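**Q** what would the 3D arrangement of this be:
(2 chains)
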Amino acid sequence: MSLLIKGGRVIDPASGRDEIGDVFVDKGRIAEKKGKAEETIDARGLVVAPGLIDLAARLREPGQEYKATLASEMDAAVAGGVTSLACPPDTHPPLDEPGLVDMLRRRAKALARARVYPVGALTVKLAGERLTEMSVLSEAGCVAFSQANVPITDTQVLWRALQYAATFGYPVWLRAEDKWLSREGVAHDGDMATRLGLAGIPAFTETIALATILQLVRATGARVHVCRLSSAAAVGMMREAKQQGLPVTCDVGIHYVHLSEMDLGYYDAHCRLDPPLRSQRDRDALASGLADGSIDCAVSDHAPVDEDQKQLPFAEAETGATGLELLLPLALKWGSARKLPLARTLARVTSDAARILGVQSGRIAPGAPADLVLFDPDEAWRVMPAALRSQGKNSPFLGYELAGRVRATIVAGNVVYERK
Amino acid sequence: MAANPQLNAHGELQHLLSIEGLPRGILEQILNTAESFVGVTEREVKKVPLMRGKSVFNLFFEPSTRTRTTFEIAAKRLSADVINLNIAVSSQTKGESLLDTVANLSAMQADVFVVRHASSGAPYLIARHVKPHEHVINAGDGRHAHPTQGLLDLYTIRHYKKDFGALTVAIVGDVLHSRVARSLIHGLTTLGAPEVRVIGPQTLIPAGVAALGVHVFHDMRAGLKGCDVVMMLRLQNERMAGPLLPSAQEFFMNYGLTAEKLALAKADAIVMHPGPMNRGVEIDSPVADGPHSVILPQVTFGIAVRMAVMSIVAGN
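**A** Numbers count the residues shown, from 1 in each chain, chains lettered A, B, ... in the order given. Here you go, the predicted model:
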């Protein structure tokens, strides 16, 4: 099937192309020449960009269907313009054996919406003790290995895991957090936690763990992607590590470039996130690190949580925010606040994420998969529970008006979402 | 940030959740009202009919004898009906959620909920979900706030020192875990006390506490110098030995209040403690029972202060 997307503002972040033009799609891929299209989409007034690539979206299957289902979250993904997503292994049970990975991929494929890339567990049950069968999991379709939000505390295990993964060139995605230091903590260890009487998580819980990870990368040569930076100091360490030529990349959750500990207000459980929202200085460093490339890409860190688990005292509330449908507008908000060209803004949620994921999508170039999003960057909408397709309505931005709304999403040349 | 959840549309006290964010006028209104009730508590018939027909639910999700009892006495002296619920051993253990518990009690026609909870912020959650005519009084939430304790401490200080404008106040011990300390700090800074100090080892002083307007001292002797008021905090048993402190004995050596250390404060300094005391851990018996101690008057004033708070919120 062929498709002509006509008259849109075509932005390809990878090449910097930003012009009014047409995009031709044939057999699921971007095609060079315009043949005769079987279908035409009028994209005048819309941006035509590569579909978003999200390196962290929890779909809650298997095991947590009361929070969300694959169907609800895959709907949310395409409604948010996300055409590829990596799903962390913190499902129940964790993605530590090939049957689970295979089932997830099949079920996702059958839904025919976004592409799903499972991230396998680095250790069995994420317990941080025994290595998983990484080669077997890799064959089953795992694109990387991770501990999700359950960092390994035994550094011997971490060292061996990185050695083993490096042997086969498997990427390892790690959160930098020293679980001993963050024990009991629920908020950034600063003025706000002191005022609210919440147990603190100091920024050094992140930098100490990050220092360990970087030393082990140096020793093992493992390709490590550091997930969800939260502090200014960690941004500086990553910048330096990259300058020294270490094979490391990193991301930030899109909420963290907008929010700080101040947004906890009077115990807003929607701001109970892992890692915690830190000071305004940290937030500013994350936002500028994402702009200058110290941070490679932004992710939604999508974590749908049911209402009951958020209607609790702050410390008892479950962590996480829904994000798939907010990634695009929050990225645009970040980019416009920093006066970045749209192509550079979009790069952080498309081509840069594609580079880390090691996929061909994320760009508009002949031969690339025809995964596209059409959106109006100026269309304002209010973040309300009813406006979200995700089963998780847990957002710190509930009630806010944001700009940038998806009109259509295309995966492999098929229109998988359309809003008239 | 959302509007102050404690105040109604007219800026009056709807709930008492924290001293932080309350205007000076409201604090003074509470202290003045309490003063008028001190007389009542000394009369032969210790009752006024201000809350006749109203129901006060004591919702204690965390065990407490002293605070619960003083709230109960205060409510009874206002002629309210008091229902004590020890939730720690009832519905929560059956898995009922906090908000379900409150909704059920609300259906039983409550007017005032007095809430104690181990989690900081729990009373805010409840206040967001009660009906407009219902009022929430925080009787201690996690490490966050214990506003009626803070108010009774302020009342005690005002009673003995008359004016906050020239006072130096030291708060000593486990500030990190103390809701009492936080409430007193906010009250003192709002009422204009010029010098508030916190004294303790680094392990028991929270990060960024200076932002609350206090000076941090690790040397108790230096911190006590020239103080008008010394507030000793209770050290919980589970903190006495472990990563925060080596032992109760060593804590006493460094931060226990003895007559010798108290001599560094002003000659007319008062010594306070929110109770229950650990004698020989944070305070030496001769000091606790000595002429500077106002620890028992604190308890008496506590009833008048709680009467004041309940009658004010119920009247708004």
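
**Q** I'd say B:Ala181 and B:Met232 touch.
**A** No: contact between B:Ala181 and B:Met232 fails when scored by Cβ atoms under 8 Å: they sit 10.5 Å apart. For every residue, glycine as well, the C-beta is placed using N, CA and C.

**Q** these two: which has the busier surroundings?
**A** More crowded of B:Ala181 and B:Met232, by other Cβ atoms under 10 Å in any protein chain shown: B:Ala181, with 32 against 26.

**Q** what is the burial count for the residue lying closest to B:Arg116 once chain neighbours are set aside?
**A** Spatial nearest neighbour of B:Arg116, chain neighbours left out: B:Ala139 (4.2 Å); criterion: Cβ to Cβ, 6 or more residues apart in numbering or on different chains. Counted with other Cβ under 10 Å, residues neighbouring B:Ala139 total 28.

**Q** relative to A:Ala269, how far out is B:Ala139?
**A** To A:Ala269, B:Ala139 is 22 Å away according to Cβ to Cβ, to the nearest Å.

**Q** what does A:Leu259 give?
**A** In this view, A:Leu259 and A:Ala269 are 14 Å apart by Cβ to Cβ.

**Q** same check, this time on A:Gln163
**A** 40 Å.

**Q** between those two, who's got more neighbours?
**A** Taking other Cβ under 10 Å, A:Gln163 and A:Ala269 do not tie; A:Ala269 has more neighbours (22 against 15).

**Q** just checking, that one touches A:Ala315?
**A** No: under the criterion of Cβ under 8 Å, A:Ala269 makes no contact with A:Ala315, lying 9.4 Å away.

**Q** pLDDT below threshold where in the stretch 51-200 of chain A?
**A** Residues of the stretch 51-200 of chain A meeting the criterion pLDDT under 70: none.

**Q** report the closest residue of it relative to chain B.
**A** Proximity of the stretch 51-200 of chain A to chain B (Cβ to the nearest Cβ) peaks at A:Gly197, 3.0 Å away.

**Q** quick one, what contacts that residue?
**A** Counting by Cβ atoms under 8 Å, 6 or more residues apart in numbering or on different chains, A:Gly197 touches B:Ser120, B:Gly121, B:Asp141, B:Gly142, B:Arg143, B:His144, B:Ala145, B:Arg179, B:Arg182.

**Q** could you pick out which of these are near chain A?
**A** Among the contacts of A:Gly197, the ones lying near chain A by Cβ under 8 Å from any Cβ of the partner chain are B:Ser120, B:Gly121, B:Asp141, B:Gly142, B:Arg143, B:His144, B:Ala145, B:Arg179, B:Arg182.

**Q** just the residues you listed: which are in helices?
**A** Secondary structure assignment by DSSP state H places B:Arg179, B:Arg182 of these in helices.

**Q** tabulate the ones next to chain A among the contacts of A:Gly197 (JSON lines), appending distance to B:Pro291, pLDDT and neighbour count.
**A** Formatted as JSON lines, the ones next to chain A among the contacts of A:Gly197 follow (distance: Cβ to Cβ, whole Å; pLDDT from 0 to 100; neighbours: other Cβ atoms under 10 Å in any protein chain shown):
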{"residue": "B:Ser120", "distance to B:Pro291": "37", "pLDDT": "96", "neighbour count": "26"}
{"residue": "B:Gly121", "distance to B:Pro291": "40", "pLDDT": "96", "neighbour count": "29"}
{"residue": "B:Asp141", "distance to B:Pro291": "35", "pLDDT": "96", "neighbour count": "30"}
{"residue": "B:Gly142", "distance to B:Pro291": "35", "pLDDT": "95", "neighbour count": "24"}
{"residue": "B:Arg143", "distance to B:Pro291": "32", "pLDDT": "95", "neighbour count": "26"}
{"residue": "B:His144", "distance to B:Pro291": "34", "pLDDT": "97", "neighbour count": "30"}
{"residue": "B:Ala145", "distance to B:Pro291": "31", "pLDDT": "97", "neighbour count": "29"}
{"residue": "B:Arg179", "distance to B:Pro291": "29", "pLDDT": "97", "neighbour count": "22"}
{"residue": "B:Arg182", "distance to B:Pro291": "29", "pLDDT": "97", "neighbour count": "28"}
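
**Q** now the two most distant members of the ones next to chain A among the contacts of A:Gly197.
**A** Using Cβ to Cβ, these reach their maximum pairwise distance at B:Gly121 and B:Arg182, which is 12.6 Å.

**Q** anything in contact with each of these two?
**A** A:Gly197, B:His144.

**Q** against A:Asp268, how distant is A:Gln280?
**A** Note on A:Gln280: its distance to A:Asp268, by Cβ to Cβ, is 16 Å.

**Q** so for those two, which sits in the more crowded spot?
**A** A:Asp268 (19 against 14).

**Q** thanks a lot, catch you later.
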